[in-house]
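Enquirer: Quick one, fold the following:
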Amino acid sequence: MVWGASGHARVVADIVREQGEHEIAGFLEDGAPAGAGREFCGARVLGGREQLSSLRAGGVTHLVFGFGDGEARLRLAPLVLEHGLALATAIHPRAVVARDASIGAGSVIAAGAVVGPGSTIGANAIVNTLAGVDHDCVVGEGAHVCPGARLGGGVTVGERAWVGIGATVRDRVRLGRGAVIGAGAVVLHDVPDGVVAYGVPAKAVRRA
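Expert: Numbering: from 1, shown residues only. Alright, predicted model coming up:
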């Protein structure tokens, strides 16, 4: 089951199908009861979270989130587990993941992404299309490394942090919990928890 029925859910569904370990039973979408039953990305939208209680009985064993909001992914993960479902980890077969890299449950590694040796990707994180995570990085739970972003060696990305499209983070820099890095930014220094930073070089602009 994929929770979400918009653009990122399409990406996740494609990864699941290419990975070949699971069949997609359908999609969940909160807040749009009128959309229940509609066709989406080769399957049906079955409804919202009210469907969780019946999924296991219907033969569904795993769920993966198909939206990019890290805070919501972490908030909803315990609910999924409470209903007897496991969190699927979706890794595109054309991603490059080092043998000793650790990928947490529920995480998504998209096509063309690279996760280097010694790196750790936390639960329910996203390393999106063509993103690069070099050696010995730590990407926290619920964090999102957006398409084309680049992390140098030894970078730490805090829980729920967001590294925008095409951003570059210098080696050994630490991005705090909930930090937001703007698209195309070049981050040369640590960014505190909950701070928005962007520009070349990136500068702290406001609280997230």
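Enquirer: Outline the domain layout of the chain.
Expert: As assigned by automatic domain parsing, the chain contains the domains 2-88, 91-207.
Enquirer: Give the pairing partners of the lowest-mean-pLDDT helix or strand in the chain; include direction for each.
Expert: Every helix and strand in the chain was compared by mean pLDDT, DSSP states H and E; the lowest is strand 203-207, with a mean of 88. The pairing partners recorded for strand 203-207 under DSSP bridges are strand 195-198 (antiparallel).
Enquirer: hang on, the earlier thing: neighbouring contacts of the least confident helix or strand of the chain?
Expert: V191, P192, G194, V195, V196, A197, Y198, G199 (CB atoms under 8 Å, 6 or more residues apart in numbering). The C-beta positions use only the backbone N, C-alpha and C, and glycine is treated the same way.
Enquirer: now stretch 70-80
Expert: With CB under 8 Å, 6+ apart, stretch 70-80 has contacts from 3, 49, 52, 63, 65, 67, 87, 106, 123-126, 141-144, 159-162, 178.
Enquirer: which intervals of this structure have sub-threshold pLDDT?
Expert: Applying pLDDT under 70 to the chain picks out residues 32-36, 208.
Enquirer: separation between A197 and G112?
Expert: Between A197 and G112 the distance is 25 Å, computed by CB to CB, to the nearest Å.
Enquirer: Between these two, which has more neighbouring residues?
Expert: Higher neighbour count among A197 and G112: A197, with 25 against 16, using other CB atoms under 10 Å.
Enquirer: Could you check how far that one is from W3?
Expert: 30 Å.
Enquirer: Among the contacts of stretch 70-80, which lie within strands?
Expert: In strands, defined here by DSSP state E, the members of the contacts of stretch 70-80 are W3, L63, F65, L87, I126, H144, W162.
Enquirer: what's across from the fifth one in the sheet?
Expert: What it means is I126. V108, H144.
Enquirer: Thank you, goodbye.
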